[in-house]
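> 3D model of this:
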Amino acid sequence: MPAASIRQLAVRLALAGLAGGCMSYRLGDALSPDDPDYPRENRAAVHHVEVRGKLPPAVEPRLFAQYVASRDEGCKWAPTLVAGAFEGATFRISLPVPLVIAREGDQFASRFTVDRFEPGRCGWRFVGVTAAPAKGRLASLGNTIVRNMIGYEDRIKPARYSNAEDTPVVWRCRFSDLADLKEGESMFACAQWSRANMSKQEHLLTPASRRVRLDFEDLDAK
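Coordinates of the predicted model:
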């Protein structure tokens, strides 16, 4: 059967599944608050983690706590019907929650809650905190600064750059690297410079974690 015919068949099958209510994934990654699977606040949350560190005056840290569905049935999404039904390109639904940043001089403080949401039907769980720092119009791609190791101790192995030790995560950023990017292009401003300095780049979260130290450096200002 020609490839075009196979794709057409896949679309028809996916549409049939949608009409019959038996699709195991959603179309698009948007998740509105009125969605029945939107995570509900856990009123008994107890695992709060404080994030503190250095922040150059011109840098915005832009931190996001990331929560992801841990179950598959009905809790995945695909960009198109064809991608989901024919190509198998499905992803677990997720919810990034922007963290509130308090600044004072060259210091900042924030906080996230590991058990902020009830698991619900999709098994919502905290997976980590990402940072996508910016300096004026120059914005870096995001990357993980805190990775949840709870329940994954046998899969995530500590290393020099990623561990649960009481040492700071240090992100060394050179935003001038982004100045010549064309419209629509993007890249990291911090990852390569942090690796070059052999800095710790992410903190592994354990049940005992209550504080994370995160220091940003603006290499262009030095």
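> what residues does whichever strand or helix holds residue 108 touch?
For residue 108, the enclosing helix or strand under DSSP states H and E is strand 107-113. Strand 107-113 is contacted by residues 45, 47-55, 61, 63, 65, 97, 99-102, 126, 129, 146 when judged by C-beta atoms under 8 Å, 6 or more residues apart in numbering. Every residue, glycine included, has its C-beta placed from N, CA and C.
> Note down every partner strand of it and its orientation.
Based on DSSP bridges, the pairing partners of strand 107-113 within the sheet are strand 48-54 (antiparallel), strand 102-104 (antiparallel).
> Go through the longest one and flag the buried ones.
So that's strand 48-54. Taking 16 or more other C-beta atoms under 10 Å as the basis for neighbour counts, the residues of strand 48-54 that come out buried are 49, 51, 52, 53, 54.
> where does the third one sit relative to residue 211, distance-wise?
The span separating residue 52 from residue 211 equals 7 Å under the rule C-beta to C-beta, to the nearest Å.
> Return the distance of stretch 162-173 from the chain's centre.
On the basis of C-alpha atoms, centre = their mean, to the nearest Å, stretch 162-173 sits 17 Å off its chain's mean C-alpha point.
> so where's this structure uncertain?
In the predicted model, the chain carries pLDDT under 70 at residues 1-30, 77, 79-89.
> run the last query once more with 50
Scanning the chain for pLDDT under 50 picks out 1, 3-22, 82-87.
> count of residues packed around residue 34?
Counted with other C-beta atoms under 10 Å, the neighbours of residue 34 add up to 6.
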